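J.: Prediction below, plus the sequence it came from.
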Amino acid sequence: DVKVTQSSRYLVKRTGEKVFLECVQDMDHENMFWYRQDPGLGLRLIYFSYDVKMKEKGDIPEGYSVSREKKERFSLILESASTNQTSMYLCASTGRGRVETQYFGPGTRLLVL
Amino acid sequence: DAKTTQPPSMDCAEGRAANLPCNHSTISGNEYVYWYRQIHSQGPQYIIHGLKNNETNEMASLIITEDRKSSTLILPHATLRDTAVYYCIVRMRGGGSNYKLTFGKGTLLTVNP
């Protein structure tokens, strides 16, 4: 069974803090994704990585950066958290050429005060 | 990606079959139908996909009409744990330049005891 884990289920941070969200997958997948999910807006892609040290911007990359130093780990960084980044953050992974069957982690619910 | 239409909500009695419809009248010949579900406060979960033949796996069955303009996801013996939002997605297989999944509003399936 594919397992995608995220570092925290719930996180509370203050405005201006630097926030790290980590995602680890155990299936040797090449592709990893970060989404955020907000009521009424569905899932929106923030960043995508198709290999170690490679990244592509998604639809809403502003205010975020990512790091992929190892194949199994994909980190999302909020450089200076703001209240409009309060959201559910979801990480996903899939094998090369299989972006349509993504395996998601449990999500991190981030509250920025 | 082709647009999909799903009913906003459905109810089902525990132990009965749940039949979730999806309309995708603008589907093109090389687009597949994918189904995901999202249980409350969890990440989405891939269920099944198909092109034109009916498909079955350990979770569900997928029936695609001959003209491919609609499909039905069948959960043969629904349980309370199947209560979730079910998403129907139509897209081409493989990545290319389109590596994100676009989730619509989906159908909230409520399984009642």
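T.: The structure has been received and is ready for your questions. These numbers were taken from a predicted model, which means no experiment stands behind them. Numbers count the residues shown, from 1 in each chain, chains lettered A, B, ... in the order given.
J.: count of residues packed around whichever residue of chain A sits closest to chain B?
T.: Nearest residue of chain A to chain B: A:F104, at 3.1 Å (CB to the nearest CB). Glycine gets a C-beta too; all of them are placed from N, C-alpha and C. A:F104 has 25 neighbouring residues, counting by other CB atoms under 10 Å in any protein chain shown.
J.: My guess is it contacts B:I39. True?
T.: No. Look at A:F104 against B:I39 with CB atoms under 8 Å: they stay out of range, at 11.0 Å.
J.: any residues in contact with both of these two?
T.: Here A:F104 and B:I39 have B:Q45 as joint contacts, going by CB atoms under 8 Å, 6 or more residues apart in numbering or on different chains.
J.: Next up, identify which helix or strand the nearest residue to B:K69 once chain neighbours are set aside is on.
T.: Using CB to CB, 6 or more residues apart in numbering or on different chains and skipping the chain neighbours, the partner closest in space to B:K69 is B:S25 (4.5 Å). If you go by DSSP states H and E, B:S25 is not part of any helix or strand.
J.: was I right about B:S25 contacting B:S70?
T.: Yes. Using CB under 8 Å, B:S25 is in contact with B:S70, at 7.5 Å.
J.: In the chain, mark out all the strands, start to finish.
T.: Using chain A here. Along chain A, counting by DSSP state E, strands occupy A:4-6, A:10-13, A:19-25, A:31-38, A:42-51, A:54-57, A:64-70, A:73-78, A:87-94, A:103-104, A:108-112.
J.: Please refer instead to chain B.
T.: B:9-13, B:18-23, B:31-38, B:45-50, B:55-56, B:61-64, B:70-75, B:84-92, B:107-112.
J.: what's the spacing between the residue nearest to B:K69 and chain A?
T.: Going from B:S25 to chain A by CB to the nearest CB, to the nearest Å gives 20 Å.
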